[in-house]
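[1] what's the 3D shape of this:
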Amino acid sequence: MPEIAVTLNEAESRYEITSDGALAGFAEFQRRPGTILFVHTEVDPAFQGQGLASKLAAEALADAVATGDTIVPYCPYINKYLRTHEVPGAKVRFPAAPGEQA
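    Residues are numbered from 1 along each chain as shown. So this is what the prediction gives:
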């Protein structure tokens, strides 16, 4: 079974997930005062189907909760994850859908 790790790469503004030391995916974010905006999540096709995107989302969001920041999920994957999974303590501000009033 591969060793999976999620780490914060602050210099690249992203959370990274590795499998046996190889970069398997990342979740990019932008920080604003009091908020963290998740903008893009990607898992390398060679690592798909192993549940890595879900593990990455869970750990990145748990870390964001620990900072006390409000999470704004512009990334479709993170948005869906937050709508379908409980993230204890999360403060979430969902962005308006296209055509909706903010």
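
[2] how about stretch 77-85: buried residues?
    Neighbour counts using 16 or more other CB atoms under 10 Å place Tyr77, Ile78, Asn79, Tyr81, Leu82 of stretch 77-85 among the buried residues. Using the backbone N, CA and C atoms, a C-beta is placed for each residue, glycine as well.

[3] now it, how far from the chain's geometric center?
    Centre-to-centre, stretch 77-85 and its host chain are 9 Å apart (CA atoms, centre = their mean, to the nearest Å).

[4] show me where this structure has its helices.
    Under the criterion DSSP state H, helices of the chain are mapped to 52-67, 76-84.

[5] hmm, who's touching the last one?
    Right, helix 76-84. Helix 76-84 has contacts (CB atoms under 8 Å, 6 or more residues apart in numbering) with 27, 38, 41, 53-54, 57-58, 60-61, 71, 73, 90, 92, 94-95.

[6] ok, Thr35 - contacts?
    Thr35 touches Asp69, Thr70, Ile71, Val72, Arg93, counting by CB under 8 Å, 6+ apart.

[7] which of those residues has the most neighbours?
    In terms of neighbour count, Ile71 stands highest of the contacts of Thr35 at 23 neighbours, by other CB atoms under 10 Å.
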